[in-house]
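Trainee: can't give you the sequence, but here's the structure:
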């Protein structure tokens, strides 16, 4: 059973990615979520309604012991399962000006967005190396490549994942494992619902926010055989706001 794991896969961009992978591939979709079980079940139903197969895999990416336990238990129950595709999508924001930022806002954003990448990828990379195949796609952000006022913590975490993407790609390329990052701009999702779209879209050459499905198509391509010669790349998908 060949699997694709999408962290934070129950809502927004993660949900769209889970669904698109189900449509475009034969992968068994592992929908990871932290606490919104209702949304996770809805995503799994969408995957199945699209003709795909999947399972729910609850764990907090920022908790290393929880990650190891959840993935280890899944492997024990499904010894024939091989995770070939990993989409590190789980992320949180706690925005605020740096001078007033509480340590907890820094720590929690770094723990989820950066350490979460380490915890999940580090656990799965060994099997990818042994199998000589893998696709790792890290969802970063416009903030991580351009910077954004009020998001020093988020930009720091995503910028670090950008650098990690480029470095890891150089380490594992010889084993036919590609590592790429996708950097969305303003995408209609839970994370942007409080933003003033009417005002902010003026900054975007395409004059609109993007849709989660547009990001999902790009991720699905990078997860496929068609993208086998692309690695170490950071692909912006932001309507031209930064390119």
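Mentor: Received it, and whenever you're ready, just let me know what you need. Quick caveat, the model's predicted, so the values are computed rather than measured.
Trainee: how close does the residue most central in space within the chain sit to residue 98?
Mentor: In the chain, the C-alpha closest to the average C-alpha coordinate belongs to residue 89, at a distance of 1.8 Å (C-alpha atoms, centre = their mean). Going from residue 89 to residue 98 by C-beta to C-beta, to the nearest Å gives 26 Å. From N, CA and C alone the C-beta is placed, and that goes for glycine too.
Trainee: Next secondary structure after the longest helix along the chain?
Mentor: Across the chain, the longest stretch assigned as helix under DSSP state H is helix 152-172. Per DSSP states H and E, the first helix or strand lying C-terminal to helix 152-172 is strand 177-184.
Trainee: Give me the angle between that next one and helix 152-172.
Mentor: Relative orientation of strand 177-184 versus helix 152-172 (axes from the mean of the first three to the mean of the last three C-alpha atoms, to 10 degrees): 160 degrees.
Trainee: who does strand 177-184 pair up with?
Mentor: Strand pairing for strand 177-184, determined by DSSP bridges: strand 134-139 (parallel), strand 234-237 (parallel).
Trainee: Residues contacting the longest helix of the chain, please?
Mentor: For helix 152-172, the external contacting residues (C-beta atoms under 8 Å, 6 or more residues apart in numbering) are 88, 91, 93-95, 98, 101, 105-106, 109-110, 112-114, 117-118, 121, 125, 128-129, 134, 136, 138, 140-141, 143-145, 147-148, 178-181, 183, 231-232, 234.
Trainee: what does the helix or strand of the chain with the lowest mean pLDDT contact?
Mentor: In the chain, the helix or strand scored least confidently by mean pLDDT, DSSP states H and E is helix 197-200, which has a mean of 76. Residues outside helix 197-200 that contact it (C-beta under 8 Å, 6+ apart): 186, 188, 209.
Trainee: For those residues, could you give me JSON lines that also reports secondary structure?
Mentor: Formatted as JSON lines, the contacts of helix 197-200 follow (DSSP: H, G, I helix; E, B strand; the rest coil):
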{"residue": "186", "secondary structure": "coil"}
{"residue": "188", "secondary structure": "coil"}
{"residue": "209", "secondary structure": "coil"}
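Trainee: neighbour-wise, which of these leads?
Mentor: With neighbours defined as other C-beta atoms under 10 Å, the most crowded of the contacts of helix 197-200 is residue 186; it has 20 neighbours.
Trainee: Have a look at the contacts of helix 197-200 and tell me the least confident one.
Mentor: Among the contacts of helix 197-200, residue 188 carries the lowest pLDDT, at 87.
Trainee: ok, residue 235 to residue 94 distance?
Mentor: When distance is defined by C-beta to C-beta, residue 235 is 26 Å away from residue 94.
Trainee: ok, now residue 71?
Mentor: For residue 71, the distance to residue 94 equals 26 Å [C-beta to C-beta].
Trainee: higher neighbour count, these two?
Mentor: Comparing residue 71 with residue 94 by other C-beta under 10 Å, the one with more neighbours is residue 71, at 20 against 16.
Trainee: So the more buried one is in contact with residue 123, correct?
Mentor: Yes. The pair residue 71 / residue 123 is scored as a contact, 5.4 Å apart, by C-beta atoms under 8 Å.
Trainee: So which residues of the chain form strands?
Mentor: Along the chain, counting by DSSP state E, strands occupy 2-6, 28-33, 53-58, 82-88, 134-139, 177-184, 234-237.
Trainee: Kindly reformat those as JSON lines and extend each row with mean pLDDT and distance to residue 165.
Mentor: Formatted as JSON lines, the strands of the chain follow (pLDDT from 0 to 100; distance: least, C-beta to C-beta, whole Å):
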{"stretch": "strand 2-6", "mean pLDDT": "98", "distance to residue 165": "17"}
{"stretch": "strand 28-33", "mean pLDDT": "98", "distance to residue 165": "19"}
{"stretch": "strand 53-58", "mean pLDDT": "97", "distance to residue 165": "23"}
{"stretch": "strand 82-88", "mean pLDDT": "98", "distance to residue 165": "9"}
{"stretch": "strand 134-139", "mean pLDDT": "98", "distance to residue 165": "5"}
{"stretch": "strand 177-184", "mean pLDDT": "98", "distance to residue 165": "4"}
{"stretch": "strand 234-237", "mean pLDDT": "97", "distance to residue 165": "7"}
